[in-house]
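**Student:** Structure for the following, please:
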Amino acid sequence: MRTRSLTALALALVVLLPRPAAADLLVISNDTDEVLRYDGATGAFLGAFVSAGSGGLDRPSGLAFGTDGNLYVGSFEDQVLRYDGATGTFIDAFVPHGSGGVDGPSGLSFGPDGNLYTTSLFTGEVLRYDGSTGAFLDVFVPAGSGGLAGPLHLTFGPDGNLYVADIDTGEVLRYDGATGAFLDVFVAAGSGGLDGPLNPTFGPDGNLYVGSLRTEQGGVLRYDGSTGEFIDLFAFAGNNPEFGPDDNLYVGGNNNVLRYDGATGEFIDLFVPQANNGGLDGAFALIFTPEAVPEPGTLALLGLGLLGLGVTRRRAN
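**Tutor:** Residues are numbered from 1 along each chain as shown. Sure, this is the predicted structure:
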């Protein structure tokens, strides 16, 4: 009887345990002041995740999910707005208008220290804010450091350092991820035909992928993740790269999203075609929602049930 009860408990817990939900794709629609949502498996339009102008959103340009699971969006009204990560409902101006002198927060990233880093395009700086409160901490990379002039987008690499795409110099610059000190020009201007670097991102292979704004039809170039040396033109069109949960590369065009094989660069499909894009206009940045995971308490209950089942089996033997 006890064995049957424990078996039933364990099976019930397995059935009740929430399955991970597939991630959806969020895409900035810069010219309509929205963040649009698409099914992460099919590309079908699901609606506006952040509606036009919500919370004062104006010409959104940067996206990041925080450690709190919420969505942070850079607005060219010189603020970073926070939205509920599940519903898209406006929460607050996490970085209020002009805090720390921010002017053009076009690129956002949460660093290894849990703080928020944003480019300030029109002051030529990278600014750092408390990741919990949004309070201004410091100018992490000052204007002119390593030649920094027009920081547009940024990302932290596997080495913990900060990589900044400079739209004015055409370079990708690398800075110490702990101190902000200039390290080197990681990707030189014109390397592999790079002209107007956008959205640097590291792929599953550890290499750096960079969109090229002014290359004919755009394109995504690949560079060695350790040396910055040019490898190849990985994707022939689009210029806002983002790797999905399936390890494929998704690239924003003006009014669509293209998908490429993440290992070979072979074109797969128009994941979000212009004909069914929900009004997408100016796909400046892409991000996948975090996949849902079971609550810790649920995992603990499952563990206890399975442990009990195992003990009962041992006793029976």
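
**Student:** what pLDDT does Gly177 get?
**Tutor:** At Gly177, the model reports a pLDDT of 98.

**Student:** Might one say that it is in contact with Val164?
**Tutor:** No: under the criterion of Cβ atoms under 8 Å, Gly177 is not in contact with Val164, lying 11.5 Å apart. C-betas here are computed from N, CA, C, even on glycine.

**Student:** neighbour-wise, which of the two wins?
**Tutor:** Val164 (27 against 20; other Cβ atoms under 10 Å).

**Student:** That one and Gly124 touch, don't they?
**Tutor:** No: Val164 lies out of contact with Gly124 (Cβ under 8 Å); the separation is 10.5 Å.

**Student:** Spit out the contact partners of Tyr260.
**Tutor:** For Tyr260, the residues meeting the contact criterion (Cβ atoms under 8 Å, 6 or more residues apart in numbering) are 220, 234-235, 248-251, 266-268.

**Student:** Drop anything exposed from these.
**Tutor:** In terms of neighbour count (16 or more other Cβ atoms under 10 Å), the buried residues within the contacts of Tyr260 are 220, 234-235, 248-251.

**Student:** So which of those residues is the closest to Thr289?
**Tutor:** For those, the closest approach to Thr289 (Cβ to Cβ) belongs to Tyr250, at 13.1 Å.

**Student:** What is the neighbour count of Thr67?
**Tutor:** Thr67: 11 surrounding residues under other Cβ under 10 Å.

**Student:** those strands in the stretch 201-317 of the chain, which residues are they?
**Tutor:** Counting by DSSP state E, counting those that start in this stretch, the segments of the stretch 201-317 of the chain that form strands are 208-212, 220-223, 230-235, 241-243, 249-252, 257-260, 267-272, 286-288.

**Student:** Let me know which of those strands is tucked in deepest.
**Tutor:** Of those, the one with the most neighbours on average (mean count of other Cβ atoms under 10 Å) is strand 249-252, at a mean of 27.

**Student:** Paired strands for it, with orientation please.
**Tutor:** Here strand 249-252 is paired, per DSSP bridges, with strand 241-243 (antiparallel), strand 257-260 (antiparallel).

**Student:** Give me the average confidence score over it.
**Tutor:** Averaged over strand 249-252, pLDDT sits at 96.

**Student:** Quick check, Ala235 in contact with Arg259.
**Tutor:** No: under the criterion of Cβ under 8 Å, Ala235 is not in contact with Arg259, lying 9.5 Å apart.

**Student:** shared neighbours of those two, anything?
**Tutor:** Shared contacts of Ala235 and Arg259, defined by Cβ under 8 Å, 6+ apart, comprise 249, 251, 267.

**Student:** Show me what the last one bridges to in the sheet.
**Tutor:** The reference is to Phe267. When bridges are taken as DSSP bridges, the partners of Phe267 come out as Tyr260.

**Student:** can you list the domains in the protein?
**Tutor:** Residue ranges for each domain of the chain read 1-18+294-317, 19-293, as given by automatic domain parsing.

**Student:** Using JSON lines, lay out the strands paired with strand 249-252 together with mean pLDDT and distance to Gly131.
**Tutor:** Written out in JSON lines, the entries for those read as follows (pLDDT from 0 to 100; distance: least, Cβ to Cβ, whole Å):
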{"stretch": "strand 241-243", "mean pLDDT": "96", "distance to Gly131": "21"}
{"stretch": "strand 257-260", "mean pLDDT": "96", "distance to Gly131": "29"}
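
**Student:** quick one, which of those strands is nearest to Val210?
**Tutor:** Nearest to Val210, of the strands paired with strand 249-252 and by Cβ to Cβ, is strand 241-243 at 7.5 Å.

**Student:** List the contacts of that closest one.
**Tutor:** 199, 201, 203-204, 209-211, 220, 235, 249-252, 262, 285-288.

**Student:** ok, 10 Å please
**Tutor:** 25-27, 63, 198-205, 208-211, 219-222, 234-235, 248-252, 257, 260, 262, 285-288 (Cβ atoms under 10 Å, 6 or more residues apart in numbering).

**Student:** What residues does Phe49 make contact with?
**Tutor:** Taking Cβ under 10 Å, 6+ apart as the definition of contact, the neighbours of Phe49 are 24-27, 34-38, 71, 83-89, 289.

**Student:** Tell me which of the residues you listed fall in strands.
**Tutor:** 25-27, 34-38, 71, 83 (DSSP state E).
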